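> let me see the structure of the following:
(one chain, ligands or ions: 1)
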Amino acid sequence: MAKIKRLGVLTSGGDAPGMNAAIRGVTRTAIYYGLEVTGIRHGYHGMINKHFVNMKAHSVSDILARGGTILKTSRSKEFMEPEGRRQAYENLKEAGIDAVVVIGGDGTLTGARVFCDEYYDIPFVGIPGTIDNDIYGTDYTIGYDTALNTVVEAVDKIRDTAGSHNRLFFIEVMGRDAGFIALKSGIACGAEAILIPEVLDQVKNLKDYLEKGFKRKKSSNIVIVAEGDESGGAFAIAESVKEDFLDYDVRVSVLGHIQRGGTPSAYDRVSASKLGFAAVEALMDDQKSVMVGFHNTELDLVPFRKVIKLKKKVDPEEMQMVEILSV
Ligand code: F6P
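Residues are numbered from 1 along each chain as shown. Okay, the predicted model is just below:
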């Protein structure tokens, strides 16, 4: 068994509902194994600036239902520089932190990987936390389920008003580099079309589709646009469509940061708790530079190397299904 005495835990990057359940899982599992726990506030920025707080079992009481992250978060530019990482390493050593669990998305796990390549003696284990669900090596990331439900609720409401006015709505959802939220919410809400960054040249098809729908006097059309789509987002694509379809009454709705907030779903709470528990168990088993994730509902360990290098793919069959179902 590894000789870890004090474990650090942090959240970094965009917050996600369920991160608190993961912090609780990590903290209480570590205490169960007799470890001391340090909360590192404000992500890597806090590691560089010694934002350290001692965590006890009660420090994570009553947080399961809270959105956001009690440890706060940041996107640290300093940690991308060798000097920042050196300072972080010295601070961890000085505080007696022997191992770290990081909770976050792609940037967070990339930072962890680079750090671990430079400094071997402080093992890091990662937990995937981002509403985008765009992390290779895990079917699920913390916050995705809650965000998806938030989007679905919003789109259903927009559908009511779209139908009443015979309008075409472009609804922009989060996903700078990935279309998972757009695709799954689009399926759940019966969107007429979905534009995502992973699929290029969709605009021509979209216009053909709208043309057909217009002739059939479809009462409403909902197009879900991932913010990172090549069309430039919902406003840009709406402008281009307006020019071609003068008779369409077009509206745009950008859902924005409401997608990141709110009380986490039961699914996010349970999965985040399991990942927090598994991350500490992995460290106790001498694992390092790995992410804990889910593969076909089973917990799994994936090396940072793979997580960073490989890109999670959307299912092309699901995209095709959307076309078939939205006649
Ligand atoms: O956390 C991921 C994410 O929500 C992306 O989907 C989005 O592009 C980005 O964060 C927004 O980041 P910020 O809150 O810094 O504007």
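> Asp247 versus the residue of the chain most remote from its centre, what's the distance?
Taking CA atoms, centre = their mean, the residue of the chain most remote from its mean C-alpha position is Lys215, at 39.1 Å. Look at Lys215 and Asp247: by CB to CB, to the nearest Å, they are 11 Å apart. (Glycine included, C-beta is placed from N, CA and C.)
> swap in Ser219?
Taking CB to CB, one finds Ser219 at 14 Å from Asp247.
> those two: which has the busier surroundings?
Ser219 (12 against 5; other CB atoms under 10 Å).
> looking at this, that one is in a helix?
No: checked against DSSP: H, G, I helix; E, B strand; the rest coil, Ser219 lies outside a helix; its state is coil.
> going forward, begin numbering at 363 instead of 1
Got it, the first residue is 363 from now on, which makes the last one we talked about Ser581.
> check what pLDDT it gets.
Confidence at Ser581, expressed as pLDDT, is 73.
> ok, now Gln621?
pLDDT, read off for Gln621, is 98.
> hang on, it packs against Gly537?
No: taking contacts as CB atoms under 8 Å, Gln621 lies outside contact range of Gly537: 9.4 Å.
> touching both of these two, which residues are there?
Taking CB atoms under 8 Å, 6 or more residues apart in numbering as the contact rule, Gln621 and Gly537 both touch Ile543.
> and Lys566, how many neighbours does it have?
A count of nearby residues for Lys566, using other CB under 10 Å, gives 8.
> avg pLDDT for stretch 395-406?
If you average the pLDDT over stretch 395-406, you get 98.
> for it, measure first residue to last.
Chord length of stretch 395-406, first to last residue, is 25 Å (CA to CA, to the nearest Å).
> so that stretch, near the ligand or not?
No: Stretch 395-406 stays clear of the ligand (CB under 6 Å from any ligand atom), getting no nearer than 12.3 Å.
> in that stretch, what counts as buried?
Buried residues in stretch 395-406, counted by 16 or more other CB atoms under 10 Å: Leu397, Glu398, Val399, Thr400, Gly401, Ile402, Arg403, His404, Gly405, Tyr406.
> could you export those as TSV, including distance to Thr508 and secondary structure?
Below are the buried residues of stretch 395-406 laid out as TSV (distance: CB to CB, whole Å; DSSP: H, G, I helix; E, B strand; the rest coil):
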residue	distance to Thr508	secondary structure
Leu397	29	coil
Glu398	31	strand
Val399	25	strand
Thr400	27	strand
Gly401	22	strand
Ile402	24	strand
Arg403	23	coil
His404	23	coil
Gly405	20	helix
Tyr406	24	helix
